[in-house]
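K.L.:
Here is the input, now give the coordinates:
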Amino acid sequence: MLKRLCIQPWLAALIAIAPAVAAAQPAGGELHPACRAPGQPVHEKGFVAVGGIRQWVTIEGQDCANPVVLMVHGGPGNPNTPFAAALFGSWTKAFTLVQWDQRGAGMTYAENKPSEDEALTLAHLSQDGVELARHSTRRLGKHKVILMGGSWGSALAVHMAMAAPELFHAYVGTAQLVNYQAGMALSHAKTLGLAKAAGDADGVAKLEKLGPPPWTDPRAFGVLRRLTRKYEALGSDPAPKDWFAFGPGYDTPTYAAAYEAGEEYSFLNFVGLAGDGMGPKIDLRQLGLRFAMPVFLLQGEADLVTPPEISRAYFDALHAPSKEFLPLARTGHDPNPTVLDAQLRVLQRLRATALAADAGEGRSAP
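P.N.:
This is a model prediction of the structure:
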């Protein structure tokens with residue numbers, strides 16, 4: 001067992017709002033099952049020992065017999081846990097949702113504040129994710145889980161799927177990050193074209209000064225991202241304003257400060273102080289193109305961060321038991337109602353065969 005770490009008072013108060021997963025329970029150790037009978041709800045929030053540290057995990061579902069969805073958040077450094085009730089609350093009728101604040105993010109960052117020279121690596125985060133997936137199957141009595149990731153989380157989820165395919169019914173990716181350098185180059189070119197067409201002299205000047213990647217300035221990504229948001233907004237429908245308000249228990253100044261600090265730490269590790277972070281090294285083709293599970297890729301047609309041309313070419317090259325590419329109209333990189341509706345429709349298609357496989361019938365999801 002890990003040495004018990006000190007819990008800050010505000011963390012203790014948050015943990016108290018729901019039953020804990022189990023204090024510092026190792027993901028590989030003996031577990032008391034959370035699902036003892038069909039129809040039993042599961043509502044858990046707490047720290048689980050994953051990858052040698054205590055990581056924040058939530059499990060929400062109205063019937064623990066339902067299939068489990070492991071949701072891999074984006075950013076990096078942007079957990080969905082503070083917003084989960086608003087975004088995914090209705091999903092818990094048909095699915096049990098496992099969410100996790102990744103190493104360096106949210107509650108996990110606050111509990112294990114890293115030193116300034118402690119680097120995040122994609123390999124380490126992937127190992128964490130696989131360990132948590134295995135923990136989830138054992139705790140909830142399942143053979144496999146459905147794996148879902150978006151943006152940064154889509155790249156991390158693919159690493160997890162390739163590392164331990166036996167744990168996953170299917171992979172559902174949104175705004176698939178395939179190759180950072182190629183994606184940023186196309187993003188820069190498309191956004192520059194839009195700025196020129198709009199007569200946006202300021203935007204054109206910023207993008208021409210920036211130039212295409214590779215970049216060595218850690219601020220480069222942010223310069224481009226601010227402009228991609230501007231032009232995505234012209235061709236996409238926004239998310240409701242209340243979607244990203246911190247929910248009960250997370251809506252404190254102390255938590256907001258911890259969230260922001262984790263976001264900054266994770267982002268700097270993503271871009272790298274000299275353009276040498278996790279992001280610029282991402283090239284999913286290096287992992288191979290053969291998936292052992294069905295693959296669904298959902299892609300906003302107005303996405304300027306992970307452009308459809310890149311994700312579609314990757315999809316076309318993939319080999320999987322089944323695969324489907326789903327373009328989403330009036331959708332950019334960030335989630336909106338169209339994204340969530342499409343994600344839920346895919347999950348509903350997977351539900352019956354996931355239930356059958358978890359019951360031991362041995363079928364994989366379609």
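K.L.:
can you pull out the strands in the chain?
P.N.:
Along the chain, the stretches classed as strands by DSSP state E are 25-26, 42-50, 53-61, 68-72, 96-100, 145-150, 168-174, 295-300, 323-328.
K.L.:
who wins for proximity to Pro218 among those strands?
P.N.:
The closest approach between Pro218 and any of those, judged by CB to CB, belongs to strand 145-150 at 22.9 Å. Where C-beta positions appear, they are placed from N, C-alpha and C, glycine not excepted.
K.L.:
List of residues touching that closest one?
P.N.:
For strand 145-150, the external contacting residues (CB atoms under 8 Å, 6 or more residues apart in numbering) are 67-74, 95, 98, 133, 136-137, 155-158, 160-161, 167-175, 293, 335, 339, 343, 347, 350, 354, 365.
K.L.:
can you check stretch 124-132 too?
P.N.:
Residues beyond stretch 124-132 that count as contacts (CB under 8 Å, 6+ apart) turn out to be 27-28, 48, 50-51, 55, 57, 70, 72, 76, 98, 100, 102-103, 156-157, 159-160, 163-164, 167.
K.L.:
Put the buried members of those residues into a PyMOL selection.
P.N.:
Here the buried members of the contacts of stretch 124-132 are turned into a PyMOL selection, burial being counted by 16 or more other CB atoms under 10 Å:
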select buried, resi 27+48+50+51+55+57+70+72+76+98+100+102+103+156+157+159+160+164+167
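K.L.:
Show the backbone phi and psi for the residue positioned nearest the centre of the chain.
P.N.:
The centre of the chain sits closest to His73, judged by CA atoms, centre = their mean, with a distance of 2.2 Å. Backbone torsions for His73, taken as degrees, to the nearest 10, come to phi -80, psi 160.
K.L.:
My guess is it contacts Asn80. True?
P.N.:
Yes. His73 lies in contact with Asn80 (CB atoms under 8 Å); the separation is 4.9 Å.
K.L.:
Mind listing the shared neighbours of the two?
P.N.:
Counting by CB under 8 Å, 6+ apart, the contacts common to His73 and Asn80 are Gln99.
K.L.:
ok, which stretches of the chain are helices?
P.N.:
Per DSSP state H, the chain carries helices over the ranges 9-15, 84-88, 106-111, 122-140, 152-163, 180-197, 201-210, 220-232, 253-271, 308-317, 337-356.
K.L.:
Could you identify which of those has the lowest mean pLDDT?
P.N.:
Sorting the helices of the chain by mean pLDDT places helix 9-15 lowest, at a mean of 41.
K.L.:
Need the phi and psi values for the residue lying farthest from the centre of the chain.
P.N.:
Among the C-alpha atoms of the chain, the one most distant from their mean position (CA atoms, centre = their mean) is that of Gly199, at 35.7 Å. For Gly199, the backbone dihedrals (degrees, to the nearest 10) come out as phi 70, psi 30.
K.L.:
Among the contacts of strand 145-150, name the buried ones.
P.N.:
Among those, those buried by neighbour count (16+ other CB under 10 Å) are 67-74, 95, 98, 133, 136-137, 155-158, 160-161, 167-175, 293, 335, 339, 343, 347, 350, 354, 365.
K.L.:
Distance of the nearest residue to Thr216 once chain neighbours are set aside relative to Trp215?
P.N.:
Counting by CB to CB, 6 or more residues apart in numbering, Thr216 lies nearest to Gly275, which is 4.3 Å off, once chain neighbours are set aside. From Gly275 over to Trp215 the distance is 5 Å, taken as CB to CB, to the nearest Å.
K.L.:
now swap in Leu120 and tell me
P.N.:
In this structure, Leu120 and Trp215 are 19 Å apart, going by CB to CB.
K.L.:
and what of Glu118?
P.N.:
Taking CB to CB as the criterion, Glu118 is separated from Trp215 by 23 Å.
K.L.:
Equivalent analysis for Leu156, please.
P.N.:
Where Trp215 is concerned, Leu156 sits at a distance of 22 Å (CB to CB).
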